[in-house]
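>>> how would this look folded up:
(one chain, ligands or ions: 1)
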Amino acid sequence: MNIILLGAPGAGKGTQAQRLEQAHGIVQISTGDMLRARKKANDALGRELSSIMAAGNLVPDDLIIRMLGERIEQPDAANGFILDGFPRTVPQAEALQRMLDSKNLKLAGVIELKVDEDALVQRIAGRYSCAKCDAGYHDEYQKPAEAGVCDKCGSTEFKRREDDKPEAVRNRLKVYRDQTAPILPYYRAKGLLETIDGMAPIDEVTQKIEALLKKAG
Ligand code: AP5
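Sure, this is the predicted structure:
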């Protein structure tokens, strides 16, 4: 099963992708996580990625399309994947379609999580994750069972993202409106797009996604 999760920054793509990964044994492919890992090399490309991402801009299509193409070739993607953060532009959506066609793969669904902008800003401001295993949390909406201890790996170290600062968030929301929202009609025209109310509590959003996937067979 291959799924795309779409939505503005903070809409809950990563949160839901982690749950789908566990429930269905398919792999979450987050282009944001891939780029953050690549940045750590701190070579010329790493530094270029750092400055683009810290400002909340998109990295060039040709680079991200190549990275994604290599990632879906990996053995852990053979059972299926959840794309979280890709595609983000019309050229990326078209390139993905060519990749899927060449492998004879189909999309089970393209799910848009729709959330008000005010709520997005609040979600991003409160977000943090485990420094060891990357499990996601929120100061208010998704706290670990024991304060200060990761539910998944027991680590007591947490981190916040550089691009979650207010100025970068404002730009990320603008970039979403200008460059990513135009791909919604692309998938609607293919009859693949389903929109879910991402303002609902996390468990409810998961239930709605599961219901859609069941319907899609
Ligand atoms: P990326 O890492 O993909 O970030 P994003 O799309 O901005 O999305 P986020 O990770 O911020 O949000 P999310 O929707 O996953 O929300 P989350 O589940 O964490 O991209 C980062 C950067 O990389 C880009 O700006 C760009 O520079 C580059 N990049 C990446 N892909 C690219 C591409 N394809 N092309 C070009 N450049 C690319 O939830 C947010 C918070 O809300 C969490 O704390 C969570 O606990 C909470 N929450 C979630 N759901 C709910 C709910 N239902 N109710 C209450 N709280 C909730």
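>>> which residues are in contact with stretch 24-41?
1-3, 13-14, 17-18, 20-21, 45-46, 49-50, 53, 59, 64, 67-68, 71-72, 76-77, 79-86, 88, 134, 161 (C-beta atoms under 8 Å, 6 or more residues apart in numbering). Every C-beta, even on glycine, is put in place using the N, C-alpha and C of the backbone.
>>> For burial, what's the neighbour tally of the closest residue to the ligand within the chain?
The ligand sits closest to residue 32 of the chain, with a gap of 1.8 Å, by C-beta to the nearest ligand atom. By other C-beta atoms under 10 Å, the residues close to residue 32 number 18.
>>> hmm, back to that, inside helices: which ones of the contacts of stretch 24-41?
Counting by DSSP state H, the contacts of stretch 24-41 place 13-14, 17-18, 20-21, 45-46, 49-50, 53, 64, 67-68, 71 in helices.
>>> For the residue lying closest to residue 54 once chain neighbours are set aside, which residues are in contact?
What sits nearest to residue 54 in space, not counting adjacent residues and going by C-beta to C-beta, 6 or more residues apart in numbering, is residue 162, at 5.2 Å. Residue 162 is in contact with 53-54, 168, counting by C-beta under 8 Å, 6+ apart.
>>> do the same with residue 105
residue 2.
>>> Nearest the geometric middle of the protein, what residue?
Nearest to the geometric centre of the chain sits residue 84, at 2.8 Å (C-alpha atoms, centre = their mean).
>>> what about the nearest residue to residue 45 once chain neighbours are set aside, which SS state?
Excluding its sequence neighbours, the residue lying closest to residue 45 (C-beta to C-beta, 6+ apart) is residue 38, at 7.0 Å. Assigned with DSSP: H, G, I helix; E, B strand; the rest coil, residue 38 falls in the helix class.
>>> ok, residue 38 - how many residues close by?
16.
>>> got it, and the one 3 residues further on?
In terms of burial, residue 41 registers 11 neighbours under the definition other C-beta under 10 Å.
>>> Doesn't it belong to a strand?
No - checked against three-state DSSP, residue 41 lies outside a strand; its state is coil.
>>> Look up how far residue 174 lies from it.
29 Å (C-beta to C-beta, to the nearest Å).
>>> now what about stretch 55-62, what contacts it?
Contacts for stretch 55-62 (C-beta under 8 Å, 6+ apart): 35, 49, 52-53, 64, 88-89, 91-92, 95, 163, 167-172, 175, 179.
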